[in-house]
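Q: All I have is the shape, not the residue letters:
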Ligand SMILES: Nc1nc2c(ncn2[C@@H]2O[C@H](COP(=O)(O)OP(=O)(O)OP(=O)(O)O)[C@@H](O)[C@H]2O)c(=O)[nH]1
Ligand SMILES: [Mg+2]
């Protein structure tokens with residue numbers, strides 16, 4: 001914190017034209033962190049410990065001449081579904097929901113993640129991601145109907161070889177931006193009002 005009470009992290013926001021928050025959900029070891037790393041660092045380290053708590057990745061990009069600051073939130077999934085802290089969902093603009101094509105249980109758990117997401121964020125775009133297709137390309141012939149049933153965009157990806165990773169993340173940023181622009185989300189409106197008031 002500096003004397004004015006604005007942290008370094010907050011200062012970045014003032015240089016950006018727009019800021020969005022994108023969260024990642026899914027069971028433990030489906031590859032959430034690896035996907036983030038692949039997109040952000042364009043690298044992939046095969047072995048890593050499970051994410052312990054919260055990792056916040058900051059990413060800046062330019063879209064139509066505007067500087068967009070993206071906060072990607074990554075947290076440790078659980079072996080079995082467990083509720084996330086409400087602050088994880090708070091003011092998020094899009095969600096990337098991941099399962100592992102090699103482990104059926106991680107697909108079966110998607111409705112649990114989705115239900116909780118919708119309790120906190122009824123309207124935000126949600127992208128469903130089938131990860132680890134490098135392990136067995138035949139899985140792309142299978143149908144995973146959860147996304148279709150819910151009317152959500154669906155992607156086959158691999159953090160290991162990079163298939164579709166950039167596409168998913170770029171799409172998520174676009175969707176987050178259009179959600180933020182067009183949202184009629186009542187709570188968002190209230191929060192915006194409160195933010196404005198803070199500076200008055
Ligand atoms: N073959 C293959 N393995 C992957 C891929 N993505 C991740 N993995 C492996 O899966 C394991 C778990 O990946 P993480 O990214 O740590 O999983 P996570 O979802 O962040 O797990 P938590 O932090 O516990 O919630 C690691 O050993 C990775 O190397 C992939 O696309 N293909
Ligand atoms: Mg992780």
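A: Nice, I can see it. A quick note: this is a predicted structure, and the numbers were derived from the prediction, not measured. Ligands and ions are numbered 1, 2, ... in the order given.
Q: how distant is the helix or strand hosting residue 170 from the center of its chain?
A: Using DSSP states H and E, residue 170 maps to helix 165-182. Taking the mean of its C-alpha atoms, helix 165-182 sits 10 Å from the chain's own mean (CA atoms, centre = their mean, to the nearest Å).
Q: Just list what that helix packs against, helices and strands only.
A: strand 18-25, helix 32-41, strand 54-63, strand 66-75, strand 94-100, strand 126-131 (3 or more CB pairs under 8 Å, 6 or more residues apart in numbering; DSSP states H and E). Yep, even glycine has a C-beta here, placed from its N, CA and C like the rest.
Q: Try it again at 7 Å.
A: strand 18-25, helix 32-41, strand 66-75, strand 94-100, strand 126-131 (3 or more CB pairs under 7 Å, 6 or more residues apart in numbering; DSSP states H and E).
Q: Just put these in a markdown table and tack on distance to residue 151 and mean pLDDT.
A: A markdown table is the format used below for the helices and strands packed on helix 165-182 (distance: least, CB to CB, whole Å; pLDDT from 0 to 100):
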| stretch | distance to residue 151 | mean pLDDT |
| --- | --- | --- |
| strand 18-25 | 17 | 95 |
| helix 32-41 | 23 | 92 |
| strand 66-75 | 24 | 92 |
| strand 94-100 | 14 | 98 |
| strand 126-131 | 10 | 98 |
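Q: Of all these, which one comes closest to ligand 1?
A: Shortest distance between ligand 1 and the helices and strands packed on helix 165-182, using CB to the nearest ligand atom, is found for helix 32-41: 3.3 Å.
Q: now the angle between strand 94-100 and that closest one, please.
A: 120 degrees (axes from the mean of the first three to the mean of the last three CA atoms, to 10 degrees).
Q: Quick check: beta-bridge partners of residue 128?
A: residue 97, residue 154 (DSSP bridges).
Q: can you count the residues close to it?
A: 24 (other CB atoms under 10 Å).
Q: Where does pLDDT dip in the protein?
A: For the chain, the stretches with pLDDT under 70 are 1-14, 42-52, 79-81, 184-200.
Q: sorry, back to before: kindly calculate the angle that the helix holding residue 170 makes with strand 126-131.
A: Helix 165-182 runs at 170 degrees relative to strand 126-131, counting by the same axes, to 10 degrees.
Q: And helix 165-182, what's buried?
A: By neighbour count on 16 or more other CB atoms under 10 Å, the buried set for helix 165-182 is 165, 168-169, 171-173, 175-177, 179-180.
Q: Can you give me the distance of residue 67 to ligand 2?
A: Distance, residue 67 to ligand 2, using CB to the ion, to the nearest Å: 28 Å.
Q: right, and that residue touches residue 17 too?
A: Yes: taking contacts as CB atoms under 7 Å, residue 67 lies within contact range of residue 17: 5.1 Å.
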